[in-house]
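Chemist: Following is a predicted model, sequence given first.
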Amino acid sequence: MAATAFAAGIPRMVEDLSCSKSLVILAFAIFNLGFALTPLVTAAFSEEFGRNTLYFVSHVGFMLMFVMIAKAHNIVTVIVGRLLQGAFGSTAATMVGGSIADLFPPQERGIPMTIFSVAYFTGCSAGPVFSGYLEVDDRLGWRWIEWIQMMISAVQLIVLLLVMKETRVGILLTRKAKKLRKSTKSNRYRARIEDERPPLRTLVLIACTRPIYLLFSEYVVGSFSLWIAFLWGIYFVLIRSITPTFMGLHGFSTQEAGLIYLALPIGAFLGVCSNVFQERLYKSNVATRRQEARLYFACFAGVLFPASMFIYAWCAHSTVTWVAQAFALVLFVWAAFIMFLAVFSYMADCYGTFASSSLAGQSLCRNLLGFVFPLFADQMFDRLGVNWACTIFACIGTLMIPIPIVLFRYGPSIRRKSRFSRQVVEDEERIKERALSSC
């Protein structure tokens, strides 16, 4: 929600802070830059201090940044606050794959990942709806968009403290060993990870380099990261374009244009429904298709994604009913939901203990484009118009249709050539052999 709710306050922020629109758009986009860079070190700190500690510290920092932005008297403060807020907020989004991998075996990860994806897309779409109504109220405005989100974050922090428990196995075993050493006054109890874990400095170095290494050396990580990154860049462009497009072409008021964002959760709902069938396909085919059983609907989404952009582009006329463009947005988010879920689930399955690093590489690529695209979107739309700008995006999306199809067809042979993914497969086979021998 924080990433997108900010957009509604841009016009009044330009007036209140006496700055250019370009600087406020930079503040909007720079959230994604913080989101992109921070996960490179997050994994290292989670190995040293645990996931739960990192979730808590990050959430406190994320909440305080709302206060910093709400009380800002110049655009520089807003830009710095948004950058730090994206950095703190990235923890919840990028570590969730590792947390789910900690708690659920591969065949049971579909529903948790669906719940996470629903929350993610619903938050992104709900932000502009509620912030649009706050912005037009003279008594509230852009500062109250931040204050209300801060209150919501405070409630979430209380829930986090009451409900969340540590999930990382290495941290749990280390804590148990420390308790046994303290109670027995004997040093014989040690978790293996205590002896094998490198120093924090080495962990940070590995965490900063491994995601980038995976991004450029692993076909699965590189291709899926490029695919989802391009989608994410367009997603933030559309978030920025909905209000001016529907106000300019269809004569909507600010509040009415805000309601168009409700098309986004409708698309997410369709994603949930389609995931029910995807899960059935996965469970019935995982024995033969392995990890690639996650990709049936991803192949469908690869076609739906550019198709939705073509519809949005060529229905952008005042003579065409607004329903057509709203329908295109529903299709776009439906495709985005399927793609997002497929990328997280498939990479978590393929890389196991290296899931956090692979997802951090994906997050780096995805959020860098989420940062860059809004910076040139206004100029592109002004010069080319909605029609041709979105047509260019749709054509590029069409060129990416083969990505999930190639992985679905040739994934096993590609993964066998991967040092990281092959290690996960070997670990799974060893576990199966032990289970069979114990029987």
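Modeler: Okay, I see it. Residues are numbered from 1 along each chain as shown.
Chemist: Would you point out which residue is most central in the protein?
Modeler: Nearest to the geometric centre of the chain sits residue 93, at 5.5 Å (Cα atoms, centre = their mean).
Chemist: what does the helix or strand hosting that one contact?
Modeler: If you go by DSSP states H and E, residue 93 is part of helix 75-94. Residues outside helix 75-94 that contact it (Cβ atoms under 8 Å, 6 or more residues apart in numbering) are 2-3, 6, 13, 17, 19, 23-24, 26-28, 30-39, 42, 54-55, 58-59, 61-62, 65-66, 68-69, 72, 120, 356, 359-360, 363, 367. Every residue, glycine included, has its C-beta placed from N, CA and C.
Chemist: buried residues in it?
Modeler: Buried residues in helix 75-94, counted by 16 or more other Cβ atoms under 10 Å: 75, 78-94.
Chemist: isn't residue 12 right up against residue 142?
Modeler: Yes - assessed by Cβ atoms under 8 Å, residue 12 is found in contact with residue 142 at 5.4 Å.
Chemist: Of these two, which one has the most company?
Modeler: For residue 12 versus residue 142, neighbours defined as other Cβ atoms under 10 Å are more numerous around residue 142 (26 against 17).
Chemist: Contact partners for that one?
Modeler: Contacts of residue 142 (Cβ under 8 Å, 6+ apart): 8-10, 12-13, 16, 134-135.
Chemist: distance between the helix holding residue 93 and the chain's centre?
Modeler: 14 Å (Cα atoms, centre = their mean, to the nearest Å).
Chemist: Kindly report the same for stretch 107-123.
Modeler: The answer for stretch 107-123 is 11 Å, by Cα atoms, centre = their mean.
Chemist: wait, isn't residue 98 in contact with residue 55?
Modeler: No - counting by Cβ under 8 Å, residue 98 sits too far from residue 55 to count as a contact (11.3 Å).
Chemist: If you count surrounding residues, which of these two has more?
Modeler: More neighbours surround residue 98 than the other of residue 98 and residue 55, with 23 against 20 (other Cβ under 10 Å).
Chemist: Between helix 75-94 and the strand or helix carrying the more buried one, find me the angle.
Modeler: Using DSSP H and E, residue 98 falls within helix 96-103. With axes from the mean of the first three to the mean of the last three Cα atoms, to 10 degrees defining the directions, helix 96-103 sits at 30 degrees from helix 75-94.
Chemist: Just the CA trace of helix 96-103, in PDB.
Modeler: Extracted in PDB, the C-alpha atoms of helix 96-103 (Å, rounded to 0.1, in the frame of the first residue of the first chain):
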ATOM      1  CA  VAL A  96       8.500 -14.200   2.900                       C
ATOM      2  CA  GLY A  97       9.700 -16.800   0.300                       C
ATOM      3  CA  GLY A  98      12.300 -18.100   2.800                       C
ATOM      4  CA  SER A  99       9.800 -18.100   5.700                       C
ATOM      5  CA  ILE A 100       7.300 -20.100   3.700                       C
ATOM      6  CA  ALA A 101      10.100 -22.500   2.700                       C
ATOM      7  CA  ASP A 102      10.900 -22.900   6.400                       C
ATOM      8  CA  LEU A 103       7.400 -23.800   7.300                       C
END
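Chemist: buried ones in that helix?
Modeler: In helix 96-103, counting by 16+ other Cβ under 10 Å, buried: 96-102.
Chemist: with those in mind, which one is nearest to residue 266?
Modeler: Nearest to residue 266 among the buried residues of helix 96-103 is residue 96, at 23.5 Å by Cβ to Cβ.
Chemist: Let me see the contact set for that closest one.
Modeler: 116, 344.
Chemist: Can you classify residue 319 by secondary structure?
Modeler: coil (DSSP: H, G, I helix; E, B strand; the rest coil).
Chemist: so what pLDDT did it get?
Modeler: Reported pLDDT at residue 319 in the predicted model: 86.
Chemist: got it, and the one 4 residues further on?
Modeler: You'll see residue 323 listed with a pLDDT of 89.
Chemist: Can you tell me how far it is from residue 264?
Modeler: Remark: distance between residue 323 and residue 264 (Cβ to Cβ, to the nearest Å) = 15 Å.
Chemist: So between those two, which is more surrounded?
Modeler: Ranked by neighbour count (other Cβ under 10 Å), residue 323 and residue 264 place residue 264 first, with 29 against 11.
Chemist: wait, doesn't the more buried one sit right on residue 124?
Modeler: Yes - counting by Cβ under 8 Å, residue 264 does reach residue 124; the two are 7.0 Å apart.
Chemist: List the contacts of residue 412.
Modeler: Residue 412 touches 290, 292, counting by Cβ under 8 Å, 6+ apart.
Chemist: cool, and residue 241?
Modeler: 377, 381, 386.
Chemist: sorry, back to before: please state the offset of the helix holding residue 98 from the chain centre?
Modeler: The answer for helix 96-103 is 14 Å, by Cα atoms, centre = their mean.
Chemist: now swap in stretch 334-346 and tell me
Modeler: Distance, centroid of stretch 334-346 to centroid of chain: 10 Å (Cα atoms, centre = their mean).
Chemist: same deal with stretch 214-222?
Modeler: Its chain's C-alpha centre and that of stretch 214-222 lie 18 Å apart, by Cα atoms, centre = their mean.
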